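In: Show me how the following folds:
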Amino acid sequence: MTASPAPARPHTRASLAAQLHDLGVRPGATVLVHASLRPLGFLCGGPEAVLLALRDVLGPAGTVVVPTHTPENSDPAGWSNPPVPADWWPVIREEMPGFDPAVTPSRFMGAFAELVRTWPGARRSDHPHVSFAALGPAAARIVDGHARADMLGEGSPLARLHDLDADVLLLGVDHGSNTSLHLAEYRQPAPPRQRCGAAVLTADGGREWVWWDDIRLDDEGFTRLGADLEATGAVRLGPVGDGTGRLMRQRAAVDFAVEWLARHRRTEGT
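Out: Numbers count the residues shown, from 1 in each chain. Here you go, the predicted structure:
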């Protein structure tokens with residue numbers, strides 16, 4: 001068996017900071033980061049090196065934001081990967097631990113998001129299904145008051161990021177992971193809706209299952225949407241580690257997505 005070739009070089013806090021600077025990360029900016037670290041190659045310090053490098057470029061006035069979603073805290077009737085038997089649904093609704101922003105881990109968001117969530121001084125929004133964590137001076141403004149029934153819409157951290165003219169940084173992932181594009185779904189006329197559920201903490205320290213009505217989120221087509229966005233020149237691409245970084249203004253991405261979805265989803269009847 002032939003051994004895998006060694007990476008060309010290890011990537012350090014300093015070298016990653018240089019790449020992020022060259023990509024266009026702005027000092028003092030607020031940046032929503034979606035990251036898969038494996039494509040970035042060998043990182044000397046792992047996710048910590050990436051976070052420290054990013055904060056070095058942003059400086060003390062910058063804020064890092066990450067998705068810290070908990071998709072398992074949702075109505076099991078809608079689970080498909082994998083589905084669970086219908087006779088399990090009442091048990092899950094009755095026994096799922098209530099979401100606690102201080103301790104509930106995120107799921108499937110990656111090591112970088114978990115690092116930011118647990119970093120001293122980070123704040124996290126109180127949404128039981130699609131929370132966000134933020135680290136920096138704008139953190140409270142972004143994550144406080146996250147509306148349960150408008151989870152990725154005008155009452156969410158995504159809309160606060162739009163207000164702040166924040167950036168989106170994709171590290172080792174494409175636009176299929178670009179959560180900000182969901183904000184454009186809320187800005188469509190009469191988007192399809194669904195009933196959502198999750199377990200939350202109660203004021204007396206207990207837990208309960210709650211229901212709310214929200215948009216039926218659909219990321220199908222986001223990769224193609226992102227490719228069309230990149231064709232406009234609104235996205236800067238460059239190396240980060242061994243992988244690719246994509247940097248864009250969140251307003252530009254969302255505003256483009258509003259028009260793109262209006263054209264494509266209506267004409268495709270979806």
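In: do you know how far the residue nearest to Phe132 when sequence neighbours are not counted is from His182?
Out: Excluding the flanking residues, the one nearest Phe132 by C-beta to C-beta, 6 or more residues apart in numbering is Pro157, at 4.3 Å. The way it works is simple: take the backbone N, C-alpha and C, and place the C-beta from them, glycine included. Taking C-beta to C-beta, to the nearest Å as the measure, Pro157 falls 12 Å from His182.
In: Please save the CA atoms from stretch 216-230 in CSV.
Out: Written as CSV, here are the backbone C-alpha positions of stretch 216-230 (Å, rounded to 0.1, in the frame of the first residue of the first chain):
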residue,chain,number,x,y,z
ARG,A,216,-40.6,25.7,4.9
LEU,A,217,-36.9,26.1,4.3
ASP,A,218,-35.5,24.7,1.1
ASP,A,219,-31.8,24.9,0.2
GLU,A,220,-32.3,23.0,-3.1
GLY,A,221,-30.7,25.1,-5.8
PHE,A,222,-28.4,27.1,-3.5
THR,A,223,-25.3,25.7,-5.2
ARG,A,224,-26.5,26.8,-8.6
LEU,A,225,-27.6,30.1,-7.1
GLY,A,226,-24.1,30.6,-5.6
ALA,A,227,-22.5,29.9,-9.0
ASP,A,228,-24.6,32.5,-10.6
LEU,A,229,-23.8,34.9,-7.8
GLU,A,230,-20.1,34.3,-8.3
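In: In it, which residues are buried?
Out: Within stretch 216-230, the residues that count as buried by 16 or more other C-beta atoms under 10 Å are Leu217, Gly221, Phe222, Leu225, Gly226, Leu229, Glu230.
In: just checking, which of those residues belong to helices?
Out: Judged by DSSP state H, helices contain the following of those: Phe222, Leu225, Gly226, Leu229, Glu230.
In: Please settle this for me: is Arg263 part of a helix?
Out: Yes: per DSSP: H, G, I helix; E, B strand; the rest coil, Arg263 lies within a helix segment.
In: Around it, count how many other residues there are.
Out: By the measure other C-beta atoms under 10 Å, the count of residues near Arg263 is 9.
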